[in-house]
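Colleague: structure for this input, please:
(chains A, B, C, D, E and F)
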Number of protein chains: 4
Amino acid sequence: MTTRNELGTRVSRSRAAVIGATAQLLTEGGLGAATIDAIRDRSGVSKTTIYKHWPNRLCVAIDAFADRLALDTAMPDTGTAREDLTQQIRTVSAFYSSPVGSAFAGILSQAAQDEDARAWLETRLADSRQHGIHVLWQRAVLHGEVRSDLTADLAFDILFGPLMWRLVTGRQALDDGEVDALVASVLV
Amino acid sequence: MTTRNELGTRVSRSRAAVIGATAQLLTEGGLGAATIDAIRDRSGVSKTTIYKHWPNRLCVAIDAFADRLALDTAMPDTGTAREDLTQQIRTVSAFYSSPVGSAFAGILSQAAQDEDARAWLETRLADSRQHGIHVLWQRAVLHGEVRSDLTADLAFDILFGPLMWRLVTGRQALDDGEVDALVASVLV
Amino acid sequence: MTTRNELGTRVSRSRAAVIGATAQLLTEGGLGAATIDAIRDRSGVSKTTIYKHWPNRLCVAIDAFADRLALDTAMPDTGTAREDLTQQIRTVSAFYSSPVGSAFAGILSQAAQDEDARAWLETRLADSRQHGIHVLWQRAVLHGEVRSDLTADLAFDILFGPLMWRLVTGRQALDDGEVDALVASVLV
Amino acid sequence: MTTRNELGTRVSRSRAAVIGATAQLLTEGGLGAATIDAIRDRSGVSKTTIYKHWPNRLCVAIDAFADRLALDTAMPDTGTAREDLTQQIRTVSAFYSSPVGSAFAGILSQAAQDEDARAWLETRLADSRQHGIHVLWQRAVLHGEVRSDLTADLAFDILFGPLMWRLVTGRQALDDGEVDALVASVLV
DNA sequence: TACTAAACGAGACGGTACGTCGCGTCTTATT
DNA sequence: AATAAGACGCGACGTACCGTCTCGTTTAGTA
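Modeller: Numbering: from 1, shown residues only, chains lettered A, B, ... in the order given. Below is the predicted model:
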């Protein structure tokens, strides 16, 4: 086996160090603190190497974000579709309002003007873009619990949009009652 | 009164030139193009003067944005609360997906990490923050058309969040049917 | 008088600081030490400003070199052409073997592959290229002291080439007797 | 004897490939083009191997240069010392102004600040440093054709210095008449 | 009408981060 | 043992945009 991608490879050790350092920096100072030079200093990985793995600093931030996202938003399975959805929205909402999550708005809006970053976002968050919500949604559809005038896409917009909007307008995350009301908006 | 703030004043001429140039630049190349030097070149107003009127470039962008927002989203009055709301959401959605509007996500997320800009946003968009929607919402409340489990705040989040989310995830604005469904989410 | 070029101007103060720092660095560690960042640190002038005045680091070095050259190789006037020539060759030889002078070979050979630097060299050393030797040579010609089979150009090559060659091959500068013999090569 | 240094050895095949590739690169783009990575790509020899045979890139260049020098400047034997000298100077002058030769100035001036390279130069060009000129000079001495006030060293400086000086100042090589005049400078 | 204070223009400047390039080292198979 | 493949750290490069500054000029409103 010539090309391994396992832990222990030099590549994956560098990658991990960079992602870790970046996540720390995002946590501490937001997107603005996740400077390439800061990442280098924190991770001990040289700029050369960083740029060999990522096209620019935004893509590093995306990976660091995606990493934490995957860790922090495991999909629930409570038995009922409504409860699962509610649970998931709460989790994601909490993540967005966490230090790393709050960098997401910045990442998204910067990525809007960067071809590389847009593509990177696509591949890193594509399927998990709605954070595993598709599966939950399908369950709810099967149970006949969803509003008939909503496509899945629009439903997701209604569910996630407000979370991001709260974040971006600098207000508190939704509390439990608000999440209930939000989920109610898309179910019958 | 020695120093007036009317048209014709040197100050207000500078201000107008800067706002205009900035709006153009936002239109053409997004927030990234609205460089201070670009604004200077385009407006003919020197950096010295620009920084005498605004604390930093983000605040200039905010004013340029607010200017266009005021122009492009006049409040409707169709007679029925539901229709007014729908109309307004359509207008705002259209504005967000316009070139200048699409810079809004960037403005917001940058402003999140800039005290001056946050304050500026507050004062410039404060009352019109939800774009005159408060009045419309009050009308709907009086007509008993709104869901009882929603506060005004949450309702606005549900209405505006998805618009921004679409913008920020790089997809099309909501079409008319989708806006209908969205508005339906907050009404009985 | 709007645009002055005198001492005291911000521009000329920066320029002087940069040239001075560069000359020091050339002295201490040769061309390799005259890094842009080192020049910035030493001079207190920012990279931005340096690059506003010079197209690249080689051109800065050229100016620093030219500056010292002008200072250190004033033209002699002893009365006799032969003696003047000898004097001048001694002076230039000494300068070449001085710390700054010894960077000259590097400057020249690097400039060979850099269009900007070549042009810069041309303008900075053009007339003084042969270090004022033209005048001395003309005097010698008038006195009928020069070999008839030599053009001025070839004569200068014979006079200066060996100085540079010594430098570049890492040997001592010519001693007085050797300079006498060298000058004798081009005179009758 | 297991490790021979003859053609056919892995070592010597690598060596030859590297030297050849380097010479090509020097020809095409001067010293600046003879990058270690370029040499690797061109020669198919890995960096590991290159650095096993040479301490740094300058030394590779030196060997490539010396190789071509040996090929292109065979010593003449016309019968008369003056003619031999003239011939040799012409040959060397031509070589210096050839693409590979013109990298020589760069090699020398870089080597001036690199201990390894200086040593390398010494061993590779030492005896042939003046390109076999010693022998010719001895012949001329025996014939009583040389100026009595010149040591061999100074004579060589006068002969070779101008060649390099022309090269380094970016002008044409000496033409035949000029070489005649140059040689005349060191003979009676 | 002349004066004076504010506003302004031009542009030099320091600073921070960017993304790139080449060097020479090191690691890990392969031959 | 010598090689290939290529990841890596390092240090310098030249660029971009920020926001500050200095200095000389214009422009209103007053004296």
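Colleague: can the longest helix along chain A be found next to DNA strand F?
Modeller: If you go by DSSP state H, chain A has its longest helix at helix A:10-29. Yes. Helix A:10-29 is in contact with DNA strand F by Cβ under 7 Å from any atom of the strand, via A:Arg10, A:Val11, A:Arg13, A:Ser14. The way it works is simple: take the backbone N, C-alpha and C, and place the C-beta from them, glycine included.
Colleague: ok, and the most crowded of the residues you listed?
Modeller: Among the residues of helix A:10-29 next to DNA strand F, the one with the most neighbours (other Cβ atoms under 10 Å in any protein chain shown) is A:Ser14, at 18 neighbours.
Colleague: now for the longest helix of chain A, which elements pack on it?
Modeller: Helix A:10-29 sits against helix A:36-43, helix A:47-53, helix A:57-72, with contacts defined as 3 or more Cβ pairs under 8 Å, 6 or more residues apart in numbering or on different chains; DSSP states H and E.
Colleague: which of these sits most buried?
Modeller: Neighbour counts (mean count of other Cβ atoms under 10 Å in any protein chain shown) averaged over each of the helices and strands packed on helix A:10-29 peak at helix A:57-72, with a mean of 21.
Colleague: can I get the CA coordinates of that helix in PDB?
Modeller: Once non-C-alpha atoms are left out, helix A:57-72 reads as follows in PDB (Å, rounded to 0.1, in the frame of the first residue of the first chain):
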ATOM      1  CA  ARG A  57      -7.100  30.700   4.100                       C
ATOM      2  CA  LEU A  58     -10.900  30.600   3.700                       C
ATOM      3  CA  CYS A  59     -10.800  26.900   2.700                       C
ATOM      4  CA  VAL A  60      -8.800  26.100   5.800                       C
ATOM      5  CA  ALA A  61     -11.400  27.800   7.800                       C
ATOM      6  CA  ILE A  62     -14.100  25.800   6.000                       C
ATOM      7  CA  ASP A  63     -12.500  22.600   6.900                       C
ATOM      8  CA  ALA A  64     -12.000  23.600  10.500                       C
ATOM      9  CA  PHE A  65     -15.600  24.600  10.700                       C
ATOM     10  CA  ALA A  66     -16.800  21.400   9.000                       C
ATOM     11  CA  ASP A  67     -14.700  19.400  11.400                       C
ATOM     12  CA  ARG A  68     -16.300  20.900  14.400                       C
ATOM     13  CA  LEU A  69     -19.700  20.700  12.800                       C
ATOM     14  CA  ALA A  70     -19.400  17.000  12.300                       C
ATOM     15  CA  LEU A  71     -18.300  16.500  15.900                       C
ATOM     16  CA  ASP A  72     -21.000  18.700  17.500                       C
END
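Colleague: for it, packing partners?
Modeller: Right, helix A:57-72 is packed against helix A:10-29, helix A:36-43, helix A:81-97, helix A:104-111, helix A:115-125 by 3+ Cβ pairs under 8 Å, 6+ apart.
Colleague: for D:Phe65, find the nearest of the ones you listed.
Modeller: Proximity to D:Phe65 (Cβ to Cβ) singles out helix A:10-29 among the helices and strands packed on helix A:57-72, at 36.6 Å.
Colleague: for the closest one, give the mean pLDDT please.
Modeller: Averaged across helix A:10-29, pLDDT comes to 95.
Colleague: next, the angle helix A:57-72 makes with it.
Modeller: For helix A:10-29 against helix A:57-72, the angle by axes from the mean of the first three to the mean of the last three Cα atoms, to 10 degrees is 90 degrees.
Colleague: residues of helix A:10-29 that come out buried?
Modeller: A:Ser14, A:Arg15, A:Ala17, A:Val18, A:Ile19, A:Ala21, A:Thr22, A:Ala23, A:Gln24, A:Leu25, A:Leu26, A:Thr27 (16 or more other Cβ atoms under 10 Å in any protein chain shown).
Colleague: what of stretch A:97-106?
Modeller: For stretch A:97-106, using 16+ other Cβ under 10 Å, the buried residues are A:Ser97, A:Ser98, A:Val100, A:Gly101, A:Ser102, A:Ala103, A:Phe104, A:Ala105, A:Gly106.
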